[in-house]
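**Student:** Quick one, fold the following:
(2 chains)
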2 protein chains.
Amino acid sequence: MLTIKKPFLLVIGDMTNPRNAKTAFGLRDWARADCLGQLRFAEDAVDLGLPSMTVEQAAAEGAKTAVIGIAPQGGVLPAHWVPILQDVLRAGLDIASGLHSRLKDIPEIADLAATLGRTLHDVRHNTLALPVGNGKPRAGLRLLTVGTDCALGKKYTAMAIASEMKARGLKADFRATGQTGILIAGGGIAIDAVVGDFISGAAEILSPDNDPDHWDIIEGQGAILHPAYAPVTLGLLYGSQPDALVLCDDPLRERLNDFPHVRCPTLQEAMAAYLPLARAANPAARFVGISLNTSAMSESEAFETIIRTAEKTGLACFDPIRTGVKAVVDVLADFTATHPVESKTLKIQ
Amino acid sequence: MLTIKKPFLLVIGDMTNPRNAKTAFGLRDWARADCLGQLRFAEDAVDLGLPSMTVEQAAAEGAKTAVIGIAPQGGVLPAHWVPILQDVLRAGLDIASGLHSRLKDIPEIADLAATLGRTLHDVRHNTLALPVGNGKPRAGLRLLTVGTDCALGKKYTAMAIASEMKARGLKADFRATGQTGILIAGGGIAIDAVVGDFISGAAEILSPDNDPDHWDIIEGQGAILHPAYAPVTLGLLYGSQPDALVLCDDPLRERLNDFPHVRCPTLQEAMAAYLPLARAANPAARFVGISLNTSAMSESEAFETIIRTAEKTGLACFDPIRTGVKAVVDVLADFTATHPVESKTLKIQ
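**Tutor:** Numbers count the residues shown, from 1 in each chain, chains lettered A, B, ... in the order given. Below you'll find the model as predicted:
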């Protein structure tokens, strides 16, 4: 699995639009301790509030990897960044990028990295030789965040749960499956870049055997009723063989993101679609919580919705930003006791 | 979509094991009219019973594409075949291969093909720029073969149904999704080589808009309860938005092929897993038949099983080799009348 050396220098360059710097903001917010500083080369560039430093200063302070912190329109690296990234390589740093275009396809960067022995991480592109899935049960516990749609908080929910569990002294690891999550976690597999036959195999190696009371908190992708992205969702569901599922939803969303001709399923429809498939991979799988993205709601509307959903589903219901994830971590803390690990048997049987 | 020029010269070379020549046998059995002859260069090589010819003779008789008819252990082209394939290119033929190793990765072949303007078809590898699926309903009717497992007759069933429908004067096309089917059909998409996000999009372009009474008979892949291959199955199910499903099963198989630790689902379990997902893509989807691979049964046992299964499921039940596919094609011939095409509305809604 991909492993990116820390600490990071976040490269903002001359990007002035904060929305196109969300990779950098994600790292700042979720991996603050791993971010030494920022590299800006324009006065009006986005400011992350981290120490600004030159490439040489960053190297002197021990930075190991420069992370491209921007996601410009079209996902292509601006050409005038190339000489600066060459300086980065010369200063001794690796480079990590979540852009669609590959660093390895830019000869000026690829050749210099090869000459100097630096590593280029194109985290959106998977180069691992992946196995096909085998469906054999693994030790340890797993939670997968799933959704009624894309882009409604599956990554954020998983990171928040892993973080809260660690804070309580529970054994937990966040397992990243998308480029932003991989940069934040410093490793993972960009599952949506994997060929169909190997998706569940990739999910299996992403959450390997572990201690019986250890939780892998796995970042979900896509949605099981999504016309385009469901195959990735299903491979992740089978390969993760989750003990616990958290369903992520945006209560105000009526149509799928970027698919205005497709209605968003209800929570009940989504759970009815996920659960039999999850149980094919792990007969003990169950939903433990609902993560609601209430960012577009008023405070009172949000809390009303959260309470109503909790009553209706009987599950721990929360907004990871507005309420935190304590409600669902309470369930997970008790989980091992009610679902003894010893009872794990061969699945899909 | 891939289109391979016909007629074919089937290259057997010096392969002596008939089991490793199943691509050639499949073409001979299913696309006999497209197979001009065979090229053998060892006395004890497999004999397809087709006219043996040299490369020059084949070219003179109008052969357009030489098809690698063998699948050796490891899927790699024997090195001593390279000069003969160069002769093939010089004689004016394209080359098609379903091997794991790519013709395009063999410089002696790739360079010569480029110089001479010949086309190399590595049918197992997809080089199309595929769209993501959009889930919008398309005109025309579609049948998808699905299975309780892999390798139990989904391709054969689809080809037999398309062939019988054509023989009855019904509008039907076989749509190939695997390398052997693609070579037989002269086109298609090797769906198991597609990256997760694009599987359903590939299935959508494989069976585009068509006449309201036209059937695409689509070769299924994998199985929805399979720990490794289910993502491909699901993408094909969503993108094909089938009106009709035929479930393929081997009644004697207790454990999944190559997955002895996983139990084969029953017909009922498999249908219960497929149907809600199929209806997410097409609310009118339904099972119309069960294709049983009874090749390992006695005649009486086979017929008993077929009759018992038909009674139990209420569906047209058949073995495409032992009984032919008339029973299910009778259902399809009546299908349009009972499911008026005009009622097709926006799906996954």
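**Student:** What sits closest to the residue of the stretch 1-150 of chain A found nearest chain B if chain neighbours are left out?
**Tutor:** Proximity of the stretch 1-150 of chain A to chain B (Cβ to the nearest Cβ) peaks at A:Gly135, 2.7 Å away. Glycine gets a C-beta too; all of them are placed from N, C-alpha and C. The shortest distance from A:Gly135 to any non-neighbouring residue, by Cβ to Cβ, 6 or more residues apart in numbering or on different chains, is to B:Pro227 (2.7 Å).
**Student:** and what of A:Ala33?
**Tutor:** A:Pro7 (8.0 Å).
**Student:** Does A:Val76 touch A:Leu99 like I think?
**Tutor:** Yes: A:Val76 is within contact range of A:Leu99, at 6.9 Å (criterion: Cβ atoms under 8 Å).
**Student:** Please tell me how far the residue nearest to A:Ala33 sits from A:Asp34.
**Tutor:** Distance, A:Pro7 to A:Asp34, by Cβ to Cβ, to the nearest Å: 5 Å.
**Student:** Also A:Leu237?
**Tutor:** On the measure of Cβ to Cβ, A:Leu237 and A:Asp34 end up 30 Å apart.
**Student:** Looking at those two, which is more packed in?
**Tutor:** Each of A:Leu237 and A:Asp34 has its neighbours counted (other Cβ atoms under 10 Å in any protein chain shown); A:Leu237 has more, 30 against 20.
**Student:** How about the secondary structure of that one?
**Tutor:** helix (DSSP: H, G, I helix; E, B strand; the rest coil).
**Student:** pretty sure it contacts A:Ala223?
**Tutor:** No: A:Leu237 lies out of contact with A:Ala223 (Cβ under 8 Å); the separation is 10.9 Å.
**Student:** Which residues are in contact with each of the two?
**Tutor:** When contacts are counted by Cβ atoms under 8 Å, 6 or more residues apart in numbering or on different chains, A:Leu237 and A:Ala223 are jointly contacted by A:Val146.
**Student:** and the most far-flung residue of chain A relative to its centre, backbone torsions?
**Tutor:** The C-alpha centroid of chain A is most remote from A:Thr115, which lies 32.3 Å away (Cα atoms, centre = their mean). When read as degrees, to the nearest 10, the backbone of A:Thr115 gives phi -60, psi -40.
**Student:** Kindly report the residues of the stretch 101-250 of chain A close to chain B.
**Tutor:** With Cβ under 8 Å from any Cβ of the partner chain as the criterion, the stretch 101-250 of chain A comes near chain B at residues A:132-136, A:191-197, A:199-201, A:225, A:227-232, A:234-235, A:238-239.
**Student:** Among the residues you listed, name the buried ones.
**Tutor:** A:132-135, A:191-197, A:199-201, A:225, A:227-232, A:234-235, A:238-239 (16 or more other Cβ atoms under 10 Å in any protein chain shown).
**Student:** Spatially central, which residue of chain A would that be?
**Tutor:** A:Gly181 (3.3 Å).
**Student:** Might one say that A:Pro72 is in contact with A:Pro78?
**Tutor:** Yes: using Cβ under 8 Å, A:Pro72 is in contact with A:Pro78, at 6.6 Å.
**Student:** Distance of the nearest residue to A:Leu292 once chain neighbours are set aside relative to chain B?
**Tutor:** Leaving aside its sequence neighbours, A:Leu292 sits nearest to A:Asp319 (Cβ to Cβ, 6+ apart; 5.1 Å). Going from A:Asp319 to chain B by Cβ to the nearest Cβ, to the nearest Å gives 27 Å.
**Student:** Show me what the residue lying closest to A:Ile182 once chain neighbours are set aside is bridged to.
**Tutor:** Spatial nearest neighbour of A:Ile182, chain neighbours left out: A:Gly188 (3.9 Å); criterion: Cβ to Cβ, 6+ apart. Under DSSP bridges, the beta-bridge partners of A:Gly188 are A:Leu2.
**Student:** Tell me which residues touch A:Gly188, please.
**Tutor:** A:1-2, A:123, A:175-178, A:181-182, A:206, A:219.
**Student:** So the residue in the stretch 201-349 of chain A that chain B sits nearest to versus A:Ser295, what's the distance?
**Tutor:** In the stretch 201-349 of chain A, the residue that lies nearest chain B is A:Pro227 (2.8 Å; Cβ to the nearest Cβ). Going from A:Pro227 to A:Ser295 by Cβ to Cβ gives 25 Å.
**Student:** quick one, domains of chain A?
**Tutor:** A:2-122, A:141-343 (automatic domain parsing).
**Student:** Deepest in the core, which of those domains is it.
**Tutor:** Most buried of those by mean neighbour count (mean count of other Cβ atoms under 10 Å in any protein chain shown) is domain A:141-343; its value is a mean of 21.
**Student:** picking that back up, which stretch among the domains of chain A comes nearest B:Glu108?
**Tutor:** domain A:2-122 (25.9 Å; Cβ to Cβ).
**Student:** Could you give the separation of that closest one from the chain centroid?
**Tutor:** From the chain centre to the centre of domain A:2-122 is a distance of 19 Å (Cα atoms, centre = their mean, to the nearest Å).
**Student:** Ok, stretch A:316-325 next?
**Tutor:** The answer for stretch A:316-325 is 18 Å, by Cα atoms, centre = their mean.
**Student:** List the contacts of it.
**Tutor:** A:153, A:156-157, A:160-161, A:164, A:288-295, A:299, A:302, A:306-307, A:309-310, A:326-328, A:330-331.
**Student:** Could you tell me the end-to-end distance of it?
**Tutor:** 9 Å (Cα to Cα, to the nearest Å).
**Student:** what sits against A:Val329?
**Tutor:** A:161, A:164-165, A:168, A:170.
**Student:** quick one: which of those is nearest to chain B?
**Tutor:** Closest to chain B, out of all of these and judged by Cβ to the nearest Cβ, is A:Ile161, at 24.3 Å.
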